[in-house]
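Peer 1: I would like the atomic coordinates for the input below:
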Amino acid sequence: MSTTTHPRSRTGSVHRWSMLGLGVLAQSAGAVFANAPAFLIPTLHDEYGMNLSQAGLIAAAPTLGFLVSLMAWGAIVDRIGERRVLVIGLTLTALASAGAALSSSFALLGGLLVLGGMAASSANAASGRVVVGWFPPERRGLAMGIRQMSLPLGVAVAALTVPRIAESHGLGWALVLPTIVAVVAVAACLFVVDPPRPSRARAQESGLLDNPYRNQGVLWRIHSVSVLLVVPQYLVWTFTLVWLMADRHWSAASAGVLITVTQLLGAAGRIAAGFWSDRVGSRMGPLRTVAIAAAVSMGALALTDWLNSPVSVALMMLASVITVADNGLAFTAVAEIAGPYWSGRALGAQNTSQYVAASLVPPIFGALIGVAGFPLTFAAAALFPLVAVPLVPADQPERK
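Peer 2: As a prediction, this is how the structure comes out:
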């Protein structure tokens, strides 16, 4: 009697982890580009006279690019594979970032940031597929948690460097950083190996080519939960620097260091959430708990900020960690439910739905801060994860 070894088991552990490392680098490069403009808000506000809503539009430009391109990149990944998408997408990101650094008007700057966001979203679609494809289910939550730390890691790099560069050398030089990071990522992604998957003929026979969105609402519910949870996440990411400097009178350097530490803690939180989901054999149970914790932390932040308590800084850090912990759980579940021939599009839909909300957060909540202040804005953001709690579905089996 012969036995068949699963393709993932024929590859060494070192190979799996090296693919994960390349995926983390690729998405981190995209995250540095996408989030660097948020840390230009103080410079745009103080030196160029923009109000927070206007500066928020510049900060949201890469997110808008993500929004309009994620589904397309997901479909392309399903067709041509992960490595090609990563190399092509990040090359275009580097070119757009270089153009933004050299731009001579805010209209051109915003346009190039949108184009760069369209290119950088390739890393989101492809790097998730690399992780899901190379790791077995019992380690996938941890692996995806590590992959999902790319976003806070990218934010941390941007927070530590961009405000200082912009303050001392101007906007153009601040955008040189994401250009360099993208170039490094392109060189590294040449070594990505696409994960194995069944032939299209075998996939057709087993139903893997069938649309997973038909006849069930599970994926739509996960997308909806993630949309609601991304609102407080992007609120604290976008406006923590301004809050610390304007409301708490911190210097740009001190605020940047604190945000960097917070983002690193957020990265660790994503890893812990993924490990937790592997141990309990559930993605949705931990996701529900994270939603509850996000609502509580944002509510506590609103109260302490309204009371002008120094505890609010610690609660801002806690909220920043909690509000990013859900992403790896949702992404893993979406990829598992969608299967290898639909996961690119499903992850594209997951990202797109999140970025629809994320692109609206800076201008809308920036305007709300200007009218109502930070405490009421934090309280409003706490309502979104509260609504998400009952929408979290039950766990579903992996589509094989």
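Peer 1: so which residues of the stretch 1-150 of the chain form helices?
Peer 2: 7-10, 13-35, 41-46, 52-80, 82-102, 106-134, 137-148, 150-169 (DSSP state H, counting those that start in this stretch).
Peer 1: next, the buried residues of the last one.
Peer 2: Just to be clear, that refers to helix 150-169. 150-167 (16 or more other C-beta atoms under 10 Å). (C-beta placed from N, C-alpha, C; glycine too.)
Peer 1: could you do stretch 368-377 as well?
Peer 2: For stretch 368-377, by 16+ other C-beta under 10 Å, it's 368-369, 374-375, 377.
Peer 1: residue ranges in the stretch 251-400 of the chain under the pLDDT threshold?
Peer 2: 398-400 (pLDDT under 70).
Peer 1: okay, strands next: where are they in it?
Peer 2: Read by DSSP state E, counting those that start in this stretch, the stretch 251-400 of the chain holds no strands at all.
Peer 1: quick one, what contacts the residue nearest to Val389 when sequence neighbours are not counted?
Peer 2: Closest residue to Val389 apart from its sequence neighbours, by C-beta to C-beta, 6 or more residues apart in numbering: Ala291 at 4.8 Å. Residues in contact with Ala291 (C-beta atoms under 8 Å, 6 or more residues apart in numbering) are 225, 228-229, 326, 385-386, 388-389, 392.
Peer 1: Val192: neighbour count?
Peer 2: Using other C-beta atoms under 10 Å, the number of residues around Val192 comes to 23.
Peer 1: three-state assignment of it?
Peer 2: coil (DSSP: H, G, I helix; E, B strand; the rest coil).
Peer 1: and it, backbone torsions?
Peer 2: Main-chain torsions, Val192, degrees, to the nearest 10: phi -70, psi 140.
Peer 1: what about the helices in the stretch 301-400 of the chain?
Peer 2: Going by DSSP H, counting those that start in this stretch, the stretch 301-400 of the chain shows helices at 311-322, 327-338, 343-372, 374-388.
Peer 1: dump the ones you listed into CSV; add distance to Val132 as well.
Peer 2: Converted to CSV, the helices of the stretch 301-400 of the chain look like this (distance: least, C-beta to C-beta, whole Å):
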stretch, distance to Val132
helix 311-322, 24
helix 327-338, 4
helix 343-372, 6
helix 374-388, 23
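Peer 1: to Ala72, which of those helices lies closest?
Peer 2: helix 343-372 (7.4 Å; C-beta to C-beta).
Peer 1: can you give me the buried ones in the closest one?
Peer 2: Quick answer for helix 343-372 (16+ other C-beta under 10 Å): 343-369.
Peer 1: so which elements touch it?
Peer 2: Helices and strands touching helix 343-372, by 3 or more C-beta pairs under 8 Å, 6 or more residues apart in numbering; DSSP states H and E, are helix 52-80, helix 106-134, helix 218-242, helix 327-338, helix 374-388.
Peer 1: got TSV for those, with distance to Ala267 too?
Peer 2: What follows is the helices and strands packed on helix 343-372, written out as TSV (distance: least, C-beta to C-beta, whole Å):
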stretch	distance to Ala267
helix 52-80	20
helix 106-134	15
helix 218-242	13
helix 327-338	10
helix 374-388	20
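Peer 1: returning to that earlier point: got the contacts of Ala291 as CSV, with neighbour count and distance to Pro62 columns?
Peer 2: Below are the contacts of Ala291 laid out as CSV (neighbours: other C-beta atoms under 10 Å; distance: C-beta to C-beta, whole Å):
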residue, neighbour count, distance to Pro62
Val225, 27, 24
Leu228, 22, 22
Leu229, 28, 20
Asp326, 30, 21
Pro385, 28, 24
Leu386, 16, 29
Ala388, 26, 25
Val389, 17, 30
Val392, 25, 29
